[in-house]
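A.B. asks: Pasting a predicted model and its sequence here:
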Amino acid sequence: MKRGLVFALGAGLTCAFIIDLCNLFYRCGCRSWWSGAAEACNVHMAGMKHCPWCTIGTGGFAAVVAGIVAAQAWLTFGFPSWRWTRRIVAVAAALPVAGALAAVVLGLWQGYWF
């Protein structure tokens, strides 16, 4: 029961704040879902490099989210001896850590910073 709640909390945090991470990593102009989302993203501006997460389409963006949630699932269910407090800290930390890994890989692959 506790593991399911920890996982649901982590996945919920990921879904709620993934677009904020987009702007954190790429400084692209994306904002929280409730503040316009990708409305101000550089993907809508001509003559500049476009945000990697916003250019990979809905399926690609969903794959980024799924990768982070998969890491959270592994941390939630893969370590049976962990107490729930350790588990919840690890699951919460997976959002910025796995998100940063995805951001660096996609940013380098698309040449965003060069």
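C.D. replies: Arrived safely, thanks for sending.
A.B. asks: can you name the farthest residue from the center of the protein?
C.D. replies: Distance from the C-alpha centroid of the chain, by Cα atoms, centre = their mean, peaks at Ser81 (26.9 Å).
A.B. asks: check contacts around the nearest residue to Gln110 once chain neighbours are set aside.
C.D. replies: Excluding its sequence neighbours, the residue lying closest to Gln110 (Cβ to Cβ, 6 or more residues apart in numbering) is Pro52, at 4.7 Å. Every C-beta, even on glycine, is put in place using the N, C-alpha and C of the backbone. Counting by Cβ atoms under 8 Å, 6 or more residues apart in numbering, Pro52 makes contact with 26, 103, 106-107, 109-110, 112.
A.B. asks: measure Pro52 to Ala62 for me?
C.D. replies: Per Cβ to Cβ, to the nearest Å, Pro52 is found 14 Å from Ala62.
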